[in-house]
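[1] My questions are about this predicted structure, shown below with the sequence.
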Amino acid sequence: ERPMPLAWKLLFAAVAELGYALLTRAWMPEQFDGIALELWVTGARAATAALYWWLFRDLIWSRAPRAGNARRPLCIAAIAVVMLAPVLAGDWAVGDLATQVVFALTSVVVGLREELLYRGVVQNLLEPRLGWVGAIVVSNVIFTLYHYGAWPFTFLNLLEFFTVGCLVGLLYWGSGSLWLVVAFHAAYDAVWSFTPLLPAPLSQAWGAVLQVAALLLAAWWAARLAAGARGPTSSG
């Protein structure tokens, strides 16, 4: 069987993504709210994730896993610091406990869908053309713009989408593990679902400071990997 040309795959994915945005950000909010809305949106997320998997599964699995790299201290520190952002500065106030649990559980599908598309497909497609740094930057400009209509485009929101997205892109590049970044993304979003966790959380600006600090740690880790500072089995 003749494989589908990449241009056609990208066209199908673009149409699916446009349809997803219109369906979940324009039509569904007019029909549902609360838990019902989140469940319907999650169904659309799962459907598009399955489509992207079917279209791009060879590309998604083209990166060789280097999971041991993620156990290096700088990588662990970056993940720990960015996870402090929702803990210390998160203030979603989603609703009652049932709503929080539903949002936390559906974070798994959010992480799977977005990492399949923006890391497994977009970042992998761009890297041979732009290099790993350019691929991470450009894919996360697209990732940030993808949130239009789902979140207010304030400076701090845009900063979070871009910095955390770039951190996830670095994790993916350095570890080669799609499952690692899916798990991280899902855990990060799930913690936000239960916020505020503090009676008086820090301001969103302090959350941004933590996110930027985590990105700098991840960039340092990635730079050391790229330079091969101490070899493939060193710590750092």
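    Yep, that arrived. Numbering: from 1, shown residues only.

[2] Give me the nearest residue to Gln204, chain neighbours excluded.
    Closest residue in space to Gln204, ignoring its immediate chain neighbours: Leu156 at 5.0 Å, by CB to CB, 6 or more residues apart in numbering. Using the backbone N, CA and C atoms, a C-beta is placed for each residue, glycine as well.

[3] unless I'm mixing things up, Val182 is touching Tyr118, no?
    No: the criterion here is CB atoms under 8 Å, and Val182 misses it with Tyr118 at 11.3 Å.

[4] Just give me the longest helix of this protein.
    Criterion DSSP state H: the longest helix present in the chain is helix 34-60.

[5] mean confidence for it?
    The average of the pLDDT scores along helix 34-60 is 97.

[6] How about it, which residues are buried there?
    With burial defined by 16 or more other CB atoms under 10 Å, the residues of helix 34-60 counted as buried are 35, 38, 40-42, 44-45, 48-49, 51-53, 55-56, 60.

[7] What of stretch 139-152?
    Those buried within stretch 139-152 under the rule 16+ other CB under 10 Å are Ser139, Asn140, Phe143, Thr144, Tyr146, His147.

[8] Next, check the residues you listed against the helices and list the overlap.
    Ser139, Asn140, Phe143, Thr144, Tyr146.

[9] residue contacts, the last one?
    Listed by CB atoms under 8 Å, 6 or more residues apart in numbering, the contact partners of Tyr146 are Glu17, Ala21, Tyr118.

[10] which one among those residues gets closest to Cys166?
    Nearest to Cys166 among the contacts of Tyr146, counting by CB to CB, is Tyr118 at 11.0 Å.
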